[in-house]
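**Q** quick one, structure for this:
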Amino acid sequence: MDQAKDAAGGMTDKMKAGVDKAADAADGATGGKFSEHIDKGADAAKSGIDKMGGNS
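**A** Sure, this is the predicted structure:
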């Protein structure tokens, strides 16, 4: 797990941008019907990225 933390440490911004991009794509694919759920999932993913990167 330490290796994952070390690797993620310098990449958190890029990882979060990827989550945002995926969430935007999912939102577009569903026509905005599930925006609230997609945003909640994206926020949870970004929170996990922060914890993994040591930014809790």
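**Q** the bottom helix or strand of this protein by mean pLDDT?
**A** Least confident element among the helices and strands of the chain, by mean pLDDT, DSSP states H and E: helix 2-9 (a mean of 64).
**Q** I'd like to know which elements whichever helix or strand comes after that one is packed against.
**A** Moving toward the C-terminus from helix 2-9, the next helix or strand (DSSP states H and E) is helix 12-29. If contacts are counted by 3 or more CB pairs under 8 Å, 6 or more residues apart in numbering; DSSP states H and E, helix 12-29 sits against helix 35-52. Placement of C-beta: from N, CA and C, glycine included.
**Q** please identify the buried residues of the helix it packs on?
**A** Neighbour counts over helix 35-52 (16 or more other CB atoms under 10 Å) mark I38, A42, A45, K46, I49, M52 as buried.
**Q** correct me if wrong: the second one contacts V19.
**A** Put plainly, it is A42. Yes: using CB atoms under 8 Å, A42 is in contact with V19, at 5.3 Å.
**Q** lowest-confidence one in the buried residues of helix 35-52?
**A** In terms of pLDDT, the lowest of the buried residues of helix 35-52 is M52, showing 83.
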